[in-house]
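>>> Return atomic coordinates for the entry below.
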Amino acid sequence: MKKSISTICAIAIAIFASAQEKKDSVTELQSIAVKAIRASEDAPFTKTEITKDQLQRNNTGVDLPILLNQVTNAVTNSDAGTGVGYTGIRLRGSDISHINVTMNGVPVNDAEGQGTYFVDFADIVSSAQSIQIQRGVGSSTNGAGAFGANINLNTIDLPLQKSIKYNVDAGSYHTWKNTLKASTGLVDNRYCITARLSKISSDGYIMRSASSLYSGQFTAAYYVNKNTSIVLNYMAGKEKTGQAWNGVPQDSLLTNRTYNELGLKSDGTFYNNQTDNYTQHYLQLMFNHRINNYWKLNITPYYTRGIGYYEEYKLKQTLADYHLPNFMQDTTVQTNSDLIRQLWLNNHLIGINGSANAVYGKNNYTFGIAANTYLGNHYGIVKQVIATPMPEKKWYNLHANKTDVSAFAKAEWVINDALHFFGDLQFRHVSYTIDGFRKNPTLSKDLNYNFINPKLGITYILQSNNSTKQKIYASYGMANKEPNRNDLEAGVNSEPLPEQLMNLETGYSAKDKNNHLQANVFYMRYTNQLVSNGKINDVGEYTRVNVPQSFRAGLEVEMNNNVYHHQYFLNTNIAFSTNKIENFTEYMDDYDNGGQIAIAHQNTNISFSPNVVAGLTFSALPIKNKNLRIDIANKYVGKQYLDNTSNAARMLKAFYTTDVLTNYAFTIAKLKWNARFGIYNLWNRKLESNGYTFSYLYGGQNYTSNYYFPQAGRRYTIGVGVEL
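Sure thing, here's the model as predicted:
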């Protein structure tokens, strides 16, 4: 699969009585699964809706997190520095392992690590129809517990008209994106086929961080009648990326900002295949049925398949650790050697979601069940021992099994035209068995968790008419979350506890034909939050530990304004927050005396949680026919600490960036064209968006080592798209 594009297709269905009825029925039936876990317009949760048009304007090949950079209280990062390859997002300071991600109602988070790797489904935005982001606990969803936010994607694209679209974008660092998308439209009032093929490649800003990404979507659908549809959705992605996840040492930032230490060989050169390789398949079958005028039903069985490895060159490894024999060299027994190894993941996720929705008058009721089983195989292969010929060797082979079963019931009661009540109760059971860890293969786990997650809220409509709507809302929610695989390697004497979050939200929203204002206050209280503190556990590994009490509190404001005659727009958001751990003990390695030194802290800042995050986008459609659009997006992120000690020597500096993107649409010979040009990091700022730190005592002195992830300076993209 060197130069070919990894292929995938898509099918979808619809039956109706008239053209408009067909369109309405398609939209309604295909969205049942998504609506079951999304918050409705008047639900008392803090949320942001992102439309297809908004996503497509900025879709130049970067991963989804980077496209969400302007979302309120979001901070994004990129290992390679260009937004292609491994990327991440934090919302309200919560990392991706605490953000629930679903695709068409199906869970995406990795069952064991609980993170989401967007690199595995590159160019998903070319299929996305909409995204809803709920900050805080949000409403009940499927999959991993939502502990800081929900990101819900709808990728079912069923256009009624046939079309063929091709887009190509080129950019700095030899970045290329090619997307081909086609649809049959509605055929015989019953069938529709859509397919997308994508290829993205980039050299990356950091040395040896190149990416080669393939993805596609294939859908098959059938409308049995106006009340029933079946949609088969298949999506796949294949990625190969150069490893850049160690970051750049602090002392290299001034002299070599793109330095990458990974793959270093004994002779001072670098291994040319220090890469991450992974293939992911998603298969979803959605059965949607309108039972009567009140009830709708969705059943979605699904299967997710993942397999891949990362390959690395390792210096001076002890052969016994790999169950390899020592060897003779110049009459001396050698116990160490450089070697090349692969660490493999081979996993299956099989599950089913079901939901039923009923509308009686203005009251809305939703019931959902979900169950899945994860089968994971972790194994390692020594490909080559550099100092002497040895056969390929598998040195560990470990298994894990995780079952997740949940059920929820939601209700929205409309007491009168002004007063709405919301109730939501979820039960979730997790059973997790681990048959050893790579660095501790004899340590097994057999764990069971039962969680009850209630949510209550109220919305009061202050004003509602054809032109204006104002409302206030308040909600309380609880979420519980099990430790991830790395946390559980803590050993038999220090089992981590589940985390618990209690979330209070209150807000005000006002919108008319030209403007929209949303302001909210939040308070997120954690019990047993898992944080890094530098402590070595009883199996010799650094791990996260529970801290009894911590919290986040803040104010978020969003404003969307039509400044002048629907030609000039201003979209702004700002978040102020305080993020604290009440009591925290730092552990530092003591190389002089052995062991670790404990340092007590009080009221420290939670790592990677800036007190201020702001965005401002000015948009202009200066030509009367509005074919030309210019977006100037500005982002400010306040200082962040690399650990939980509030030490100014372990910090990410505040940064400010400006991106400019222009889109021009025109028609030639009945072909619809779009040309675009982008400048990112316009002011060529030197900034670091992520990092990590560790400290130690040596020779009677304290030392701190900081590693950072620098982002590219000014860079460009240019692209063109055509539709026929």
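>>> hey, let's count contacts and neighbours off CA atoms from now on
Will do.
>>> got a pLDDT number for the most centrally placed residue in the chain?
The residue lying closest to the centre of the chain (C-alpha atoms, centre = their mean) is Thr116, at 4.9 Å. Looking at Thr116, its pLDDT reads 94.
>>> just checking, it touches His98?
No: counting by C-alpha atoms under 8 Å, Thr116 stays clear of His98, with 9.8 Å between them.
>>> what ranges of the stretch 351-500 of the chain fall below the confidence cut-off?
Applying pLDDT under 70 to the stretch 351-500 of the chain flags residues 491-493.
>>> And what about Thr72, helix, strand or coil?
coil (DSSP: H, G, I helix; E, B strand; the rest coil).
>>> Could you pull out the strands in the stretch 51-200 of the chain for me?
Shown for the stretch 51-200 of the chain, the strands assigned by DSSP state E, counting those that start in this stretch span residues 74-78, 87-91, 99-103, 106-107, 130-135, 149-154, 163-171, 175-183, 192-202.
>>> and if you look at the stretch 301-450 of the chain?
Secondary structure of the stretch 301-450 of the chain (DSSP E, counting those that start in this stretch): strands at 327-329, 332-334, 336-360, 363-385, 393-414, 419-437, 440-464.
>>> how about the ones you listed in CSV, adding distance to Ile574 and mean neighbour count?
What follows is the strands of the stretch 301-450 of the chain, written out as CSV (distance: least, C-alpha to C-alpha, whole Å; neighbours: other C-alpha atoms under 10 Å):
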stretch, distance to Ile574, mean neighbour count
strand 327-329, 62, 12
strand 332-334, 60, 11
strand 336-360, 35, 20
strand 363-385, 33, 20
strand 393-414, 30, 19
strand 419-437, 27, 19
strand 440-464, 23, 17
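>>> In the protein, mark out all the helices, start to finish.
19-30, 32-35, 52-57, 64-67 (DSSP state H).
>>> who are the neighbours in contact with the residue nearest to the centre of the chain?
Ile96, Ser97, Val101, Val108, Asn109, Asp110 (C-alpha atoms under 8 Å, 6 or more residues apart in numbering).
>>> With pLDDT added, can I get the residues you listed in TSV?
Converted to TSV, these look like this (pLDDT from 0 to 100):
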residue	pLDDT
Ile96	93
Ser97	92
Val101	95
Val108	95
Asn109	94
Asp110	95
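>>> Who wins on neighbours among those?
Ranked by the number of neighbours (other C-alpha atoms under 10 Å), those place Val101 first, at 29 neighbours.
>>> Now do that residue against Phe427, distance only.
In this view, Val101 and Phe427 are 19 Å apart by C-alpha to C-alpha, to the nearest Å.
>>> so where's the chain uncertain?
Checking the chain against pLDDT under 70 turns up 1-31, 491-493, 537-541.
>>> List just the nearest of the contacts of Thr116 to His565.
His565 lies nearest to Val101 out of the contacts of Thr116, by C-alpha to C-alpha, at 37.4 Å.
>>> Surely the closest one is in contact with Val108?
Yes: taking contacts as C-alpha under 8 Å, Val101 lies within contact range of Val108: 5.5 Å.
>>> Looking at the strands of the stretch 301-450 of the chain, spot the one closest to Tyr86.
Here strand 336-360 is closest among those (C-alpha to C-alpha), at 17.1 Å.
>>> Just give the strands next to that closest one in its sheet, each with its orientation.
Strand pairing for strand 336-360, determined by DSSP bridges: strand 295-318 (antiparallel), strand 363-385 (antiparallel).
>>> Of all the strands of the stretch 301-450 of the chain, which one is nearest Gly268?
Closest approach to Gly268 among these is made by strand 336-360 (12.8 Å; C-alpha to C-alpha).
>>> Tell me what angle that closest one forms with strand 393-414.
20 degrees (axes from the mean of the first three to the mean of the last three C-alpha atoms, to 10 degrees).
>>> Number the chain from 25, please
Sure, I'll start counting at 25 from here, so that last one is strand 360-384.
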